[in-house]
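Asks: Predicted coordinates and the sequence they were generated for:
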Amino acid sequence: MKKGKLSIVILGILLAVLWLFPFYLLLSNSFKTPKGIFTSVLNLPDKFFTISNYPEAYEALNFLSSFLHSLIITVISVILLVFCSAMAAYALQRNHSRLSSSILLLFISAMIIPFQSVMIPMTALFGKVQALNMWGLIFMYLGFNASLSIFLFQGSIGSISESLDESAAMEGANHWQIFRKIIFPMLTPMSVTVAVLNIVAIWNDYLLPSLVLPEEQYTIPLQMFMFFGQFTKQWHLALAGLTLAIIPVIIFYMFSQKYIIKGITEGAVK
């Protein structure tokens, strides 16, 4: 092996160890008793091993309820984001006009507006229409996350030859049929990439749900905030609760990772 490749391999291994080390600390200490954590944080559980942390954290976190709220909000938001953003990107990409370019530029510009600058007037507005609940939150995610999703889909659709549209149109297909039967199936890698990016962002979001959701609709991040406030000194329960919170996203990522790089690089070469 050449020195250059060997250096890259060694660097990759070091970066992997550095990235996995926090997960090792989280997982190993979640199976320890309090004495085991304070005795040695770095060691494996061995004689301090216990699984009782997870049932206790599950009950204290009200995990089933918060998990269902997070799941409903995330799934519905991501489905709407993927489908609506793909349709919007298709319309903007295939309509070659100054208006389409201006609208696309408007969407891209919206990505640089910080959420903190609009959160107060937005929550005030939604409070007036009594939409401060999970359905109002889903609508907000659709607006805030659409810009990046449309930008990614637009680049991917640009790599698809317009001759496919023209051939389908000659066969009598309308724009909806062309998008649904030809374009959207070809966007699967990018759709998965957009879904992963939005799932991670929405599932882990704390600030927006904290402004919008009532207590009976708390998501996992909100419950974790309350959980840490109650169990700050009980790190064995807090670490078990954190592990429960990140498991769903990790599982989804493991099943979809093969599409991510392909989706990100799509549209780079035409």
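Replies: Everything's here; your move.
Asks: Next up, the contacts around I150.
Replies: I150 makes contact with S85, A88, A89, L92, L104, F107 under the criterion CB atoms under 8 Å, 6 or more residues apart in numbering. All C-beta spots, glycine's among them, are computed from the backbone N, C-alpha and C.
Asks: I figured the last one was touching F151, is that so?
Replies: I take that to be F107. Yes: taking CB atoms under 8 Å as the contact criterion, F107 and F151 are neighbours in contact, 6.6 Å apart.
Asks: about what we covered before: with the contacts of I150 in mind, which one is nearest to N133?
Replies: The shortest distance between N133 and any of those, using CB to CB, involves S85 and amounts to 23.5 Å.
Asks: Tell me, how many residues neighbour the spatially closest residue to that closest one that is not a sequence neighbour?
Replies: Spatial nearest neighbour of S85, chain neighbours left out: S149 (3.6 Å); criterion: CB to CB, 6 or more residues apart in numbering. By other CB atoms under 10 Å, the residues close to S149 number 26.
Asks: Tell me how far S149 lies from L42.
Replies: Between S149 and L42 the distance, using CB to CB, to the nearest Å, works out to 41 Å.
Asks: S70 is in contact with W203, isn't it?
Replies: Yes: counting by CB under 8 Å, W203 is a contact partner of S70 at 6.0 Å.
Asks: Now do the same for N29: helix, strand or coil?
Replies: Judged by DSSP: H, G, I helix; E, B strand; the rest coil, the three-state class of N29 is helix.
Asks: So it sits against L237, correct?
Replies: No: because the distance of 11.1 Å does not satisfy CB under 8 Å, N29 is recorded as not touching L237.
Asks: got a list of what N204 touches?
Replies: Here N204 is in contact with P221, V249 (CB under 8 Å, 6+ apart).
Asks: brain fart, N43
Replies: N43 sits in contact with S28, where contact means CB under 8 Å, 6+ apart.
Asks: And for the one 5 residues further on?
Replies: When contacts are counted by CB under 8 Å, 6+ apart, F48 is found next to K32, T33, K35, G36, I37, T39.
Asks: go with 10 Å
Replies: N29, F31, K32, T33, P34, K35, G36, I37, F38, T39, S40, H236 (CB atoms under 10 Å, 6 or more residues apart in numbering).
Asks: which of these sit farthest apart?
Replies: Using CB to CB, these span at most 14.8 Å, a distance reached by F31 and F38.
Asks: Pick out whichever of these two has more residues nearby.
Replies: Between F31 and F38, counted using other CB under 10 Å, F31 has the larger neighbour count: 20 against 12.
Asks: Which strand or helix spans C84?
Replies: C84 is part of helix 63-94 when elements are defined by DSSP states H and E.
Asks: And that helix, what's buried?
Replies: Residues of helix 63-94 classed as buried: 63, 66-67, 69-70, 73-74, 76-78, 80-82, 85-94 (neighbour count, 16 or more other CB atoms under 10 Å).
Asks: What of stretch 128-147?
Replies: By 16+ other CB under 10 Å, the buried positions in stretch 128-147 come out as L132, M134, G136, L137, I138, M140, Y141, L142, F144, N145, A146, S147.
Asks: for stretch 160-179, same thing?
Replies: Neighbour-count burial for stretch 160-179 flags I160, D165, A168, A173, H175, I178, F179 (criterion: 16+ other CB under 10 Å).
Asks: Might you report the residue contacts of the fourth one?
Replies: For A173, the contacting residues are D165, S167, F179, R180, K181, I182, by CB under 10 Å, 6+ apart.
Asks: Please tell me how far it sits from F83.
Replies: With the distance defined as CB to CB, A173 ends up 19 Å from F83.
Asks: How about the third one?
Replies: Taking CB to CB as the measure, A168 falls 19 Å from F83.
Asks: what's the answer for the fifth one, then?
Replies: In this structure, H175 and F83 are 15 Å apart, going by CB to CB.
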